[in-house]
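>>> Give me a model of this one.
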Amino acid sequence: MRWTFLTYRTVAGDDEINAWYQSLSEADQAKVRVRLEYLRDQPRDGWLRPYFDALSGKCAGLGEIRFKIDRTQIRLVGFFGPERMQFAIVKVAAEKDNKFVPKDTCKIGQKRKSEIIDDPEKCDDWF
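Numbers count the residues shown, from 1 in each chain. Sure thing, here's the model as predicted:
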């Protein structure tokens, strides 16, 4: 069985993760696609660095899919769920000096995770 990737959708119906992806060049979209395709076929215990890392502290319960685009460390922040074999991406962030940009990424991620757990219709299938 393969993992499914979901993206968070706002009340207004906006999908910032997909909008971000669509704004990338074809080459950078390919980087994202290759990383997701790799993780999609891994068992959960195969989701490891350098491609994925579980977060802690204010971000506990979230994880990040990791890659570099244009010399910038990009993180797709999300969580496992709401159903089995799903990873819901709730925020795109950069990482600089071991800190997220924007700095409220964990707070936003936790809020969106709670919203999706309460209402799984707040996300769309992505990959």
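>>> buried set for the host helix or strand of residue 116?
Secondary structure assignment for residue 116, by DSSP states H and E: helix 105-118. The neighbour-count check on helix 105-118 (16 or more other CB atoms under 10 Å) flags 105-106, 108-110, 112-113, 115-116 as buried. All C-beta atoms are positioned from the backbone trio N, CA, C, and that covers glycine.
>>> with those in mind, which one is nearest to residue 2?
residue 116 (20.0 Å; CB to CB).
>>> thinking again about what came up before, which of the buried residues of helix 105-118 sits closest to residue 8?
residue 112 (4.9 Å).
>>> Surely that closest one touches residue 9?
No - shown here, residue 112 and residue 9 do not form a contact pair, counting by CB atoms under 8 Å, at 9.8 Å.
>>> anything in contact with each of the two?
Contact criterion CB atoms under 8 Å, 6 or more residues apart in numbering; residues shared by residue 112 and residue 9: residue 122.
>>> returning to that earlier point: need the buried residues of helix 105-118 in a markdown table (columns: pLDDT and distance to residue 57).
Output for these, formatted as a markdown table (pLDDT from 0 to 100; distance: CB to CB, whole Å):
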| residue | pLDDT | distance to residue 57 |
| --- | --- | --- |
| 105 | 98 | 12 |
| 106 | 98 | 7 |
| 108 | 98 | 15 |
| 109 | 98 | 12 |
| 110 | 98 | 11 |
| 112 | 97 | 17 |
| 113 | 98 | 15 |
| 115 | 96 | 21 |
| 116 | 97 | 21 |
